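K.L.:
A predicted structure for the sequence below; I have some questions about it.
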Amino acid sequence: MQQYKCIKKEEWDKVLEQLLVSHTIFASTDSEFGIDYELVTPAVISRIIYNKPKPATPLKSFYLPVRENVTSEAGGAKPRIILGIPNCDVEGLSLLDEIYLDKEFYDVYYKKRRDETLMISSDCFGIQEHCHCLSYGIKPFSTGNADLAVIKLEGMMIFRILSGKGEDFISKIQGILPLTDKELINIIDKEHNSTEALLKEKNKGLPDYKKTGTLVTEAKKEIWEKYSATCVSCGACTTICPTCTCFLLIDKPGFEKVKQLDACQYPGFERVAGGEDALFELHTRFRNRYMCKYAWKPEKFSSIACTGCGRCIEACIGKINKNELFMELI
Amino acid sequence: MKSKNIYKPIKAKLTEVIDESPPIKTFVLIPEEEFAFKTGQFIELSVDGIGEAPFTPSSSPHVTDKLEVTVMKTGYVTEIMHKLNPGVFMGIRGPYGRGYPVETFFGKEVLILGGGCGLAPIRSLLYALEHIKDHLEKVILCYGSKTPTDCVYKPLFNRLNNTDKFEAYRTVDKPDEEWSESVGVVTSLLNKIKVNIANSVAVVCGPPIMMKFGTIRLLEMGYKEDLIYLSMEKNMSCGLGKCGHCMMGEYFVCKDGPVFTYNELKNTPDIWK
């Protein structure tokens, strides 16, 4: 059985206010623009939401800024807490860790941000329209990779400890107690089960992650032409994706380099100086993203390259739904 | 883990610019810090404030105090490179990727097919092979270019033909009046050479179209798929296996290549694009 710790909600809010002195905190809040991360100030604390999927911004944005100078000193900043991370994003960060913390070439900027950030995941109770994490083997609640998982229930904040860093953090909070109320634990288990049931019902028939690689590899050109017909190469799908991480290095005077997020969906992404461009045609660019996520990255990395967050479906102005594509491929 | 910043170039002083052919120049650089590479590995060479591009050094990997990079004027960065004069500083990152496994060539014949500016990495390989020639059976270079003017490293061919165990052949698509060597595409040279295929490896480097037909011809001749080495060209931006620009199937050309065996790539679509 999971070990839980708890503290009253009003006590937790006071803890957050105290933490603001020494930490920068981002938390999931709800506003007229929808659910997203917000920089926490004392006035924001009461608006933090828990257990409701999911922030519009992917977690990667905290680790990989759209644009940054990667030749200047990695500046010292306050330690950070990110609160309310859905598990799909937590799992997505594993792939970025493999890429940026690669032993041969590790990125000092990414590493610094990883080291100075405490990640508090939030169990998803309920789903959004396009959520399909479970189809790809990801639970709607964290079982690892984050530092803590949080649940708000009946006036209590309940924490699951997932890492040494999380344990250290919790042990320093005054007034935190082991959760002994079995009724509350039962409710948590029921919420987990009912969210999983919702995901299963919503995504009936969707192929699991292991099958997707073969499906996209064997898909005919007509499929890519059909589904890319309304694609305008805007790159929204890659920008919003928690695992898309392609970038370009731009030169500045003094041999400085600026690293800017890029996308295989943009024309010219693979063009070489001589003019050859393997992704010149729209349908080949469109296919590239699917091949990368479902066939190539799984060959190369152990972490999953699509976490089933559904953001690419929400973000697409061409109303392209990758799940519809996969249903057609089956 | 290395603690250095992977994105930061080291400075290198440009000491000489050698005209090889109208669109091709060789840049001689002296790095400010210790710099060594294996033949076939590449570097990211930058013009300060303008941009950087991937090149495989054309000099010997056994010469470590200076570095030569042969550059064809073909895009934004290389056009500006061609205007540089000795004395300026350029930036170098690397070396990156997997080069030619010359240590596995011991006891064998090496057949090299080069086209156009693809002779740049091959020149470095030839220097490396000269270094170990006592352990090799034979090295044959077949090189093709469009016109006699487009032939690079002219003194190299004389020298190779006077080096024990080395043979070098040239062909051009369009000869001029003075041209006395072969005429035709580079694969036509393969009819003239004597090679023991059973004890031979092949190396191909050049423009995509030449690599495609060169590889097809080598396969027809009976070369094994895993003994044909291809040096692939992609838009390698970071060189670190991160930026995604050079993905070719499940490979990052910058990290898993740029030298691949044909066997590794044969199932990857669009490799010749």
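P.N.:
Structure received.
K.L.:
what does the stretch 51-200 of chain B put close to chain A?
P.N.:
Taking CB under 8 Å from any CB of the partner chain, the part of the stretch 51-200 of chain B that reaches chain A is made up of B:G51, B:E52, B:A53, B:T74, B:G75, B:Y76, B:V77, B:T78, B:G91. Backbone N, C-alpha and C define where each C-beta goes, glycine included.
K.L.:
per-residue confidence for the fifth one?
P.N.:
B:G75 is assigned 90 on the pLDDT scale.
K.L.:
residue contacts, the closest residue to it other than its chain neighbours?
P.N.:
Leaving aside its chain neighbours, B:G75 sits nearest to A:A273 (3.0 Å; criterion: CB to CB, 6 or more residues apart in numbering or on different chains). For A:A273, the contact set (CB atoms under 8 Å, 6 or more residues apart in numbering or on different chains) comprises B:A53, B:T74, B:G75, B:Y76, B:V77, B:T78.
K.L.:
right, and out of the residues of the stretch 51-200 of chain B next to chain A, which lies closest to B:L113?
P.N.:
Lowest distance from B:L113 to those (CB to CB) belongs to B:T74, with 20.9 Å.
K.L.:
and that closest one, how many neighbours does it have?
P.N.:
For B:T74, the neighbour count with other CB atoms under 10 Å in any protein chain shown is 17.
K.L.:
Contact partners for B:I197?
P.N.:
Counting by CB under 8 Å, 6+ apart, B:I197 touches B:M221, B:G222, B:Y223.
K.L.:
Just the buried residues of those.
P.N.:
Among those, those classed as buried by 16 or more other CB atoms under 10 Å in any protein chain shown are B:Y223.
K.L.:
Pick the one among the contacts of B:I197 closest to chain A.
P.N.:
For the contacts of B:I197, the residue nearest chain A by CB to the nearest CB is B:Y223; the value is 25.0 Å.
K.L.:
The closest one - nearest residue in space that isn't next to it in sequence?
P.N.:
Leaving out its chain neighbours, B:Y223 is closest to B:A202 (CB to CB, 6+ apart), at 5.1 Å.
K.L.:
Distance check, that neighbour against B:Y96.
P.N.:
Look at B:A202 and B:Y96: by CB to CB, to the nearest Å, they are 24 Å apart.
K.L.:
For whichever strand or helix holds A:E328, what is the distance to the chain centroid?
P.N.:
A:E328 is part of helix A:322-329 when elements are defined by DSSP states H and E. For helix A:322-329, the separation from the chain centroid amounts to 22 Å (computed by CA atoms, centre = their mean, to the nearest Å).
K.L.:
where do the helices sit along the stretch 151-300 of chain A?
P.N.:
Using DSSP state H, counting those that start in this stretch, the helices of the stretch 151-300 of chain A run over residues A:164-171, A:182-202, A:209-218, A:221-227, A:236-240, A:282-291, A:297-300.
K.L.:
Chain B contacts on the stretch 51-200 of chain A?
P.N.:
Checking the stretch 51-200 of chain A against chain B by CB under 8 Å from any CB, the hits are A:V70, A:T71, A:I99, A:Y100, A:D102, A:K103, A:E104, A:F105, A:Y106, A:D107, A:V108.
K.L.:
Could I get the pLDDT score of residue 206?
P.N.:
Answering for chain A, as no chain was given. Note on A:L206: pLDDT of 96.
K.L.:
wait, I meant chain B there
P.N.:
What the model reports as pLDDT for B:G206 is 92.
K.L.:
Excluding sequence neighbours, find me the nearest residue to it.
P.N.:
Take B:G206 and drop its neighbours on the chain: the residue closest to it by CB to CB, 6+ apart is B:G115, 2.7 Å away.
K.L.:
In contact with that neighbour, which residues?
P.N.:
For B:G115, the contacting residues are B:Y143, B:G144, B:S145, B:V186, B:C205, B:G206, B:P207, B:M210, B:M211, B:G214, by CB under 8 Å, 6+ apart.
K.L.:
Repeat the analysis, applying 7 Å as the threshold.
P.N.:
Contacts for B:G115 were tallied using CB atoms under 7 Å, 6 or more residues apart in numbering or on different chains; they are B:G144, B:V186, B:G206, B:P207, B:M210.
K.L.:
May I see the ChimeraX selection of the buried members of those?
P.N.:
Of the contacts of B:G115, the buried ones go into a single ChimeraX selection, burial set by 16+ other CB under 10 Å:
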select /B:144,186,206,207,210
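K.L.:
Can you lay out the contacts of B:G115 as a markdown table showing secondary structure?
P.N.:
Output for the contacts of B:G115, formatted as a markdown table (DSSP: H, G, I helix; E, B strand; the rest coil):
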| residue | secondary structure |
| --- | --- |
| B:G144 | strand |
| B:V186 | helix |
| B:G206 | coil |
| B:P207 | coil |
| B:M210 | helix |
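K.L.:
nearest to chain A, of the contacts of B:G115?
P.N.:
Set against chain A, the nearest of these by CB to the nearest CB is B:P207 (7.5 Å).
K.L.:
Just want the phi and psi numbers for residue 135.
P.N.:
The chain I'm using is chain A. Main-chain dihedrals, A:S135, degrees, to the nearest 10: phi -60, psi -30.
K.L.:
distance of it from A:R285?
P.N.:
From A:S135 to A:R285 the distance is 25 Å (CB to CB).
K.L.:
repeat for B:W272
P.N.:
To A:R285, B:W272 is 18 Å away according to CB to CB.
K.L.:
Relative to chain A, which residue of the stretch 1-150 of chain B is the closest?
P.N.:
Using CB to the nearest CB, the single residue of the stretch 1-150 of chain B nearest to chain A is B:G75, 3.0 Å away.
K.L.:
picking up where we left off before, can the contacts of B:G115 go into JSON lines with extra columns for distance to B:F37?
P.N.:
Below are these laid out as JSON lines (distance: CB to CB, whole Å):
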{"residue": "B:G144", "distance to B:F37": "26"}
{"residue": "B:V186", "distance to B:F37": "26"}
{"residue": "B:G206", "distance to B:F37": "21"}
{"residue": "B:P207", "distance to B:F37": "23"}
{"residue": "B:M210", "distance to B:F37": "25"}
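K.L.:
and of the contacts of B:G115, the nearest to A:C306?
P.N.:
Closest to A:C306 out of the contacts of B:G115 is B:P207 (36.0 Å), distances taken as CB to CB.
K.L.:
wait, what's in contact with that closest one?
P.N.:
With contact taken as CB under 7 Å, 6+ apart, B:P207 is in contact with B:G115, B:G116, B:G118.
K.L.:
Keep only those of these that are in strands.
P.N.:
Cross-referencing these against strands under DSSP state E gives B:G115.
K.L.:
Turn the contacts of B:P207 into TSV, columns for pLDDT.
P.N.:
Formatted as TSV, these follow (pLDDT from 0 to 100):
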residue	pLDDT
B:G115	93
B:G116	88
B:G118	90
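K.L.:
if you count what's nearby, which of B:W272 and A:R285 comes out ahead?
P.N.:
Per other CB under 10 Å, whichever of B:W272 and A:R285 has more neighbours is A:R285, with 24 against 17.
K.L.:
tell me the contacts of the more buried one?
P.N.:
A:R285 sits next to A:S233, A:C264, A:Q265, A:L279 when contact means CB under 7 Å, 6+ apart.
K.L.:
Who is residue 258 paired with across the strands?
P.N.:
Just so you know, I chose chain A. A:N69, A:I250 (DSSP bridges).
K.L.:
Sorry, I should have been clearer: chain B.
P.N.:
Beta-bridge partners, per DSSP bridges, of B:P258: B:R98.
K.L.:
For it, grab the count of nearby residues.
P.N.:
27.
K.L.:
That one against B:G99, yeah?
P.N.:
No - under the criterion of CB atoms under 7 Å, B:P258 makes no contact with B:G99, lying 8.2 Å away.
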